[in-house]
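Student: What follows is a predicted structure for the sequence shown.
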Amino acid sequence: MQMKKSFQNETEEIFNILSYYKTLMYHQIIRIFPGKNEITEKIIDRLISDKRIIYEEKSAMLTYGRAADKNPNMNLITAFWVLVDFLEDHYKNKNENKAGKKDNAENKFEKHYPSNYPVQITFFMDADVYEIIKVDYGKETVINHILSSKKEEHTNRIIIVDNEKQIPKIKVRNILCFCIVDKTGGIEYFNFE
């Protein structure tokens, strides 16, 4: 009974994630549920066979609805890799805390959702607000202008860049870190001075 309820909850969560984000990579959905690869794959297969989501094999993308997304938001998909990385760290820390390996308090991951330009994703952890922002090469000045007008004092910003040379050009408050994300979800983080 417990297994069936877990299966139903995870099915609903996968469906909700895809309804919010519209199109994501297959492996992003797998990785967002650490330690549950097999059950997550079964749920995805069932949602595909029930025609509740579409799987585009060539691009390895999952789309909410009945038709493949011809123009997926690649900046949102890139930002989702960073969210997945944070969720995996959260899961790892949570398990280490339960095992008594760490002294710090357990992080509480609360909610995530797609946001409005220039922010791709907003999420909440331990009552702190995080924004994941993808800055395309050559758009640094535009991002500086837009974000300088926002007055959020307690927002932690994770800035995704295409190239390390962009980092000195981005002048906004509350930057937690910069990163570069490759097509497979590999992330290289950069601290800034």
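Tutor: Ah, there it is.

Student: Tally up the residues packed near residue 41, please.
Tutor: Burial of residue 41 is recorded as 14 neighbouring residues (other CB atoms under 10 Å). Bear in mind the C-beta positions are built from the backbone N, C-alpha and C, glycine included.

Student: Residue 25 too?
Tutor: By the criterion of other CB under 10 Å, residue 25 has 21 neighbours.

Student: What of residue 76?
Tutor: Residue 76, neighbours per other CB under 10 Å, totals 18.

Student: in what helix or strand does it lie?
Tutor: Residue 76 belongs to helix 74-98 when assigned by DSSP states H and E.

Student: Give the rounded mean pLDDT of that helix.
Tutor: Regarding helix 74-98, the rounded mean pLDDT is 81.

Student: same thing with stretch 116-125?
Tutor: 94.

Student: and whichever strand or helix holds residue 15, what other elements does it pack with?
Tutor: Using DSSP H and E, residue 15 sits within helix 2-21. The contact analysis (3 or more CB pairs under 8 Å, 6 or more residues apart in numbering; DSSP states H and E) places helix 2-21 against helix 26-31, helix 37-49, strand 61-64, strand 109-114.

Student: Tell me who's in contact with residue 128.
Tutor: Contact analysis of residue 128 by CB atoms under 8 Å, 6 or more residues apart in numbering lists 154, 156.
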